[in-house]
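In: model the structure of this input:
(chains A, B, C and D)
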Number of protein chains: 2
Amino acid sequence: MVATDVRESLLKAALKLFAEHGSRGATTRRIAQEAGVNEVTLFRHFPNKQALLHAALRAFAEQTPYLRLPDTPRDLAAELEVWARDHHKHLYKLRALIRTSMGEFEENPEQCKQAMCVSISIANKLTDYLTTAQRAGLVSPDFTPSAATAMLMGTLFGDAMGRDLMPERYPYAMRDAITHYVQLFLRAIGAREVK
Amino acid sequence: MVATDVRESLLKAALKLFAEHGSRGATTRRIAQEAGVNEVTLFRHFPNKQALLHAALRAFAEQTPYLRLPDTPRDLAAELEVWARDHHKHLYKLRALIRTSMGEFEENPEQCKQAMCVSISIANKLTDYLTTAQRAGLVSPDFTPSAATAMLMGTLFGDAMGRDLMPERYPYAMRDAITHYVQLFLRAIGAREVK
DNA sequence: ACAGCAAGCAAGTAACCACTTGCTTACAAC
DNA sequence: GTTGTAAGCAAGTGGTTACTTGCTTGCTGT
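Out: This is a model prediction of the structure:
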């Protein structure tokens, strides 16, 4: 096992245990065990536990793939549905990590914000997309794009975070949910039908 | 100081420290100190720390006031705006507690679900309201009420949780935000204008 | 005046935490 | 064949945690 492998597996283990147990619950012993590495080795690669968690979150944020959204909107219904489906899938997959990060905001604002900067850039892209669509006359001119972004992203976020926590509130399958949300959203922004 | 006062202040202190630091960060020492009480007294009132946190969360969930929404919808725009404003205010005030509870879901599902049951009953009332409005022909018949509920509540939830965390994503004041969201939502469900 | 109860206080226990030290093993380069 | 490097391992340090014990203080009802 090469040095980079050890480092990689430590980062991976730290991220997993952080998502499941928070920074206090992700002890160095458990991280080392999960990584299949001696605890002392952990401290040879990182100066302290906080630096390890920090590196793990940053490495993860950097490798997050960017979702595509056309520069020039054509078929809003189709394009938004694909985007919403991908985004929701992404949120749902990372729900434990996101919940834990947000839960530790009061204690660790910097670390939390670092994890959230991905969400900001995604929101900016969607806002740009909606602004362009508005200028092109594809949607109603009387709504605020950033508010509409907050609406669609909030809807997907709430679903992804709450679905396993409160199944009673989501009595429809995940794939149907996105269709519902996008249809409601299209009418909210006054999108004209395209064939 | 009477015995009930001590108990009350312990519950209050436990809730505050739990919201700010999570269950691991809310140590019995700090809880006792925050409550202005000796640490031993804490263990005279509660068998252990978990029981205290449990009681604190339950007492809080029980005292949560119920939001009003008319049984028979009349002026959807006005009624939903009042409701949304109240609900958002409530979520925003409790954002730290909600984030922490959700963040500990993987570790403590029962405790978390207990805190979330309030949200479920709120969602049910909104869904009932929308269903009634749909039957009365006040809104479009072609959307799923529970999905629309998820949309409005998700939007408010995302705003309340993310506003202090990612201010860049919410470049408008809180009072304007609700107006934007409700207007978008009204058009999403095909609400007819009422004067 | 006195009994009972609720709280304070000092101290201690056993477990766990992050992190360190000293030493050994294995491999790879020159 | 020696040297450098990365890892393992056992043990330990000092601090913190939940929780306990024994004893003292102060208020209350009778």
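In: could you look up the SS state of A:Y172?
Out: Recorded secondary structure, A:Y172: coil (DSSP: H, G, I helix; E, B strand; the rest coil).
In: that one against B:P145, yeah?
Out: No: if you go by CB atoms under 8 Å, A:Y172 and B:P145 don't touch, sitting 11.0 Å apart. In short, each C-beta sits where N, CA and C put it, glycine included.
In: neighbour count winner among these two?
Out: Neighbour tally, A:Y172 and B:P145, criterion other CB atoms under 10 Å in any protein chain shown: the higher count belongs to B:P145, 18 against 13.
In: list the contacts for the more buried one?
Out: B:T127, B:L130, B:T131, B:Q134 (CB atoms under 8 Å, 6 or more residues apart in numbering or on different chains).
In: switch the residues you listed over to CSV; also include distance to chain A and pLDDT.
Out: Output for the contacts of B:P145, formatted as CSV (distance: CB to the nearest CB, whole Å; pLDDT from 0 to 100):
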residue, distance to chain A, pLDDT
B:T127, 9, 98
B:L130, 11, 98
B:T131, 13, 98
B:Q134, 13, 97
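In: DNA strand C: which of these is nearest?
Out: DNA strand C lies nearest to B:T127 out of the contacts of B:P145, by CB to the nearest atom of the strand, at 42.9 Å.
In: got a list of what the residue in chain A that chain B sits nearest to touches?
Out: Per CB to the nearest CB, the residue of chain A with the smallest distance to chain B is A:G103, at 1.9 Å. By CB under 8 Å, 6+ apart, A:G103 lies in contact with A:G22, B:G22, B:R99, B:T100, B:S101, B:M102, B:G103, B:E104.
In: helices - which of those residues land there?
Out: Those of the contacts of A:G103 mapping onto helices are A:G22, B:G22, B:R99, B:T100, B:S101, B:M102, B:G103, per DSSP state H.
In: quick one: the fifth one from chain A, how far?
Out: Separation of B:S101 from chain A (CB to the nearest CB, to the nearest Å) stands at 8 Å.
In: helix or strand: which one has the residue in chain A sticking out farthest from the centre?
Out: Within chain A, A:V40 marks the point farthest from the mean C-alpha position, 32.7 Å out by CA atoms, centre = their mean. Using DSSP states H and E, the element containing A:V40 is helix A:39-45.
In: could you look up the SS state of the residue nearest the centre of chain A?
Out: Centroid check for chain A by CA atoms, centre = their mean gives A:L91 as the closest residue, at 4.4 Å. Recorded secondary structure, A:L91: helix (three-state DSSP).
In: for it, which non-adjacent residue is spatially closest?
Out: Leaving aside its sequence neighbours, A:L91 sits nearest to A:A160 (CB to CB, 6 or more residues apart in numbering or on different chains; 3.7 Å).
In: quick check: next helix or strand after the one helix or strand the one you found maps to?
Out: Assessed by DSSP H and E, A:A160 sits inside helix A:145-162. Once the chain leaves helix A:145-162, the next helix or strand it forms, by DSSP H and E, is helix A:174-188.
In: picking that back up, who touches the residue nearest to the centre of chain A in this structure?
Out: By CB under 8 Å, 6+ apart, the contact set of A:L91 is A:I98, A:L156, A:F157, A:A160, A:M161.
In: just checking, the first one touches A:L156?
Out: No: with contacts counted by CB under 8 Å, A:I98 stays clear of A:L156, the gap being 11.9 Å.
In: those two - which one has more neighbours?
Out: Neighbours were counted for A:I98 and for A:L156 using other CB under 10 Å; A:L156 has more, 28 against 23.
In: element containing the residue nearest to the more buried one when sequence neighbours are not counted?
Out: Using CB to CB, 6+ apart and skipping residues adjacent in sequence, the residue nearest A:L156 is A:H88, 4.6 Å away. Assigned by DSSP H and E, A:H88 falls within helix A:76-93.
In: run the angle between that helix and helix A:174-188 for me.
Out: 130 degrees (axes from the mean of the first three to the mean of the last three CA atoms, to 10 degrees).
In: how far does helix A:76-93 sit from the chain's center?
Out: Distance, stretch centre to chain centre, for helix A:76-93: 12 Å (CA atoms, centre = their mean, to the nearest Å).
In: ok, stretch A:44-61 next?
Out: Counting by CA atoms, centre = their mean, stretch A:44-61 comes out at 20 Å from the chain centroid.
In: can it be said to contact DNA strand D?
Out: Yes: using CB under 7 Å from any atom of the strand, stretch A:44-61 reaches DNA strand D at A:R44, A:H45.
In: report the buried residues of that stretch.
Out: By 16 or more other CB atoms under 10 Å in any protein chain shown, the buried positions in stretch A:44-61 come out as A:H45, A:F46, A:K49, A:L52, A:L53, A:H54, A:A55, A:A56, A:L57, A:F60.
In: write out the residues of chain A neighbouring DNA strand C.
Out: Counting by CB under 7 Å from any atom of the strand, the residues of chain A lying close to DNA strand C are A:A26, A:T27, A:T28, A:R29, A:R30, A:E39, A:V40, A:F43, A:N48, A:K49, A:Q50.
In: just give the nearest non-adjacent residue to A:R7, would you?
Out: Closest to A:R7 by CB to CB, 6+ apart is A:H45, at 5.5 Å.
In: low pLDDT regions in chain A?
Out: A:1-3, A:193-195 (pLDDT under 70).
In: give me that answer again for 80
Out: For chain A, the stretches with pLDDT under 80 are A:1-4, A:66, A:192-195.
In: ok, the lengthiest helix in it near chain B or not?
Out: Identified as the longest helix of chain A according to DSSP H is helix A:109-135. Yes: Helix A:109-135 is in contact with chain B by CB under 8 Å from any CB of the partner chain, via A:C112, A:K113, A:M116, A:S119, A:I120, A:A123.
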